[in-house]
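>>> Mind folding the following:
(one chain, ligands or ions: 1)
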Amino acid sequence: SAPVVIAIDGPAGSGKSSVSRAAAVRLGYGFLDTGAAYRALAWHALQHGADTSDATAVLDVLGDFDYAISLDTTHRWVRVGDVDVTTAIREPRVTDAVSGVARVAPVRKAVNELFRRLVASAAHEGVVVEGRDITTVVFPDAPVRILLTAAPEVRAARRSAESTDQDAAKVAAALHRRDAADSTVVDFLTAAPGVEVVDSTHLNFEQTVDAVLNVVETTM
Ligand code: C5P
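Okay, here's the model as predicted:
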């Protein structure tokens, strides 16, 4: 039978990725970081010298976007063609380009189809799928749907703590810019009907994972 889907959405710096992965580890499920797919496409577009603010240019490079991602929580990798881009997709130049790529509607449609196929063919009993529109667009019928939030100042503080950039104000500004751009495409700041909110503002990492697993237990 098809794997169970745990859908988790949230803004940048909410701890979404690390929390979702830890929850998947505890459940013995696979993990799909959908942001990594958008990042891989942004990397691919930059590789082709495409202007990522130009929808037509982005659509042009989508044609030969050959992308693969691991669902394995312990061995994570992302590949474009035969290039391992696992670390390259975290570079600031990719982060700066990704919102432009992600706002192209046909891109989202193609990528979402990819996500559904990937999950349907997974060997796992379940998959934790994390992103911006997973609870609303990609898997609106998932048995567990969670919106992970945190106060903007807390998200900025967490991001600058994990960043090598010493300038906290710069990190906060970049985070705000990306959230603003992304929220014109999908609303990931308010929960859709039936979506459970987990607010991590006053929780540490372990407590947030516990809160997510608590929702899973009470919903499934
Ligand atoms: O989660 P992460 O910060 O890695 O996501 C990178 C970018 O991918 C986001 O800024 C957003 O533009 C895009 N994204 C999206 N929809 C998703 C996941 C990510 O538009 N489901």
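>>> State the distance from the closest residue to residue 28 other than its chain neighbours to residue 24.
Sequence neighbours aside, residue 125 is the residue nearest to residue 28 in space, at 7.0 Å (criterion: CB to CB, 6 or more residues apart in numbering). Yep, even glycine has a C-beta here, placed from its N, CA and C like the rest. For residue 125, the distance to residue 24 (CB to CB, to the nearest Å) stands at 11 Å.
>>> the more surrounded of these two?
residue 24 (25 against 12; other CB atoms under 10 Å).
>>> Quick check: bridge partners of the closest residue to residue 219 other than its chain neighbours?
Excluding the flanking residues, the one nearest residue 219 by CB to CB, 6+ apart is residue 144, at 4.8 Å. Beta-bridge pairing for residue 144 (DSSP bridges): residue 6.
>>> Residue 144: how many residues sit nearby?
22.
>>> give the contact list for it.
4, 5, 6, 7, 196, 215, 216, 219, 220 (CB atoms under 8 Å, 6 or more residues apart in numbering).
>>> residues from this protein in reach of the ligand?
12, 34-35, 38-39, 98-99, 102, 131-134, 178, 182 (CB under 6 Å from any ligand atom).
>>> before we move on, the earlier item: who are the neighbours in contact with the residue nearest to residue 28?
3, 4, 28, 29.
>>> How much space separates the closest residue to the second one other than its chain neighbours from residue 154?
Leaving out its chain neighbours, the residue that sits closest to residue 4 by CB to CB, 6+ apart is residue 126, at 3.7 Å. If you measure residue 126 against residue 154 using CB to CB, the figure is 29 Å.
>>> And for residue 116?
The value you get for residue 116 to residue 154, if CB to CB is used, is 33 Å.
>>> When the two are compared, which one has more neighbours?
residue 154 (18 against 14).
>>> what sits against the residue nearest to that one when sequence neighbours are not counted?
Ranked by CB to CB, 6+ apart and with sequence neighbours excluded, the top spatial neighbour of residue 154 is residue 201, at 5.2 Å. The contact partners of residue 201, by CB under 8 Å, 6+ apart, come to 149, 150, 151, 154.
>>> helix, strand or coil for residue 201?
Of the three states, residue 201 takes coil under DSSP: H, G, I helix; E, B strand; the rest coil.
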